[in-house]
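Peer 1: Coordinates only, no sequence provided:
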């Protein structure tokens, strides 16, 4: 059974930091590109950051560049999101995503989300 379990969310004051984790199981983690997405109340889900299978390439939304850092540990089947200098507008449910696409297949898995609330 495929599982993506996020943890590390919570309530933090503006300017603070949080580290999210995504523990993966049930699939070959190292073969999947991974990403963090978030959804604020009343808004569409949006990309936060992505990382390639080996961790050699990362991509960030403009709104988090310089403040967030995505990483992964393939030996532990875990992905991370270090969030610094948090702002109230970062408040959202953060979701972990695993994605693998080939010529004739595509797999897309999501976690259940973890709430991040930043108070002003």
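Peer 2: Yep, that arrived. All figures in this text were calculated on a predicted structure; none of them were measured in a lab. Numbering: from 1, shown residues only.

Peer 1: Give me the nearest residue to the residue most central in space within the chain, chain neighbours excluded.
Peer 2: Centroid check for the chain by Cα atoms, centre = their mean gives residue 36 as the closest residue, at 2.3 Å. Nearest residue to residue 36, sequence neighbours excluded (Cβ to Cβ, 6 or more residues apart in numbering): residue 48, at 4.2 Å. Every residue, glycine included, has its C-beta placed from N, CA and C.

Peer 1: Which strands and helices lie in contact with the host helix or strand of that neighbour?
Peer 2: Per DSSP states H and E: residue 48 is located in strand 46-51. Strand 46-51 makes packing contacts with strand 33-39, strand 58-60, strand 68-73, strand 78-83 when contacts are defined by 3 or more Cβ pairs under 8 Å, 6 or more residues apart in numbering; DSSP states H and E.

Peer 1: Adding mean pLDDT, write those out as JSON lines.
Peer 2: Converted to JSON lines, the helices and strands packed on strand 46-51 look like this (pLDDT from 0 to 100):
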{"stretch": "strand 33-39", "mean pLDDT": "98"}
{"stretch": "strand 58-60", "mean pLDDT": "98"}
{"stretch": "strand 68-73", "mean pLDDT": "98"}
{"stretch": "strand 78-83", "mean pLDDT": "98"}
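
Peer 1: Let me know which of these is the nearest to residue 92.
Peer 2: Nearest to residue 92 among the helices and strands packed on strand 46-51 is strand 33-39; the distance by Cβ to Cβ comes to 3.8 Å.

Peer 1: how much space between the residue lying closest to residue 50 once chain neighbours are set aside and residue 11?
Peer 2: In this structure, residue 50 finds its nearest non-sequential neighbour in residue 35, 3.9 Å apart by Cβ to Cβ, 6+ apart. Separation of residue 35 from residue 11 (Cβ to Cβ, to the nearest Å): 24 Å.
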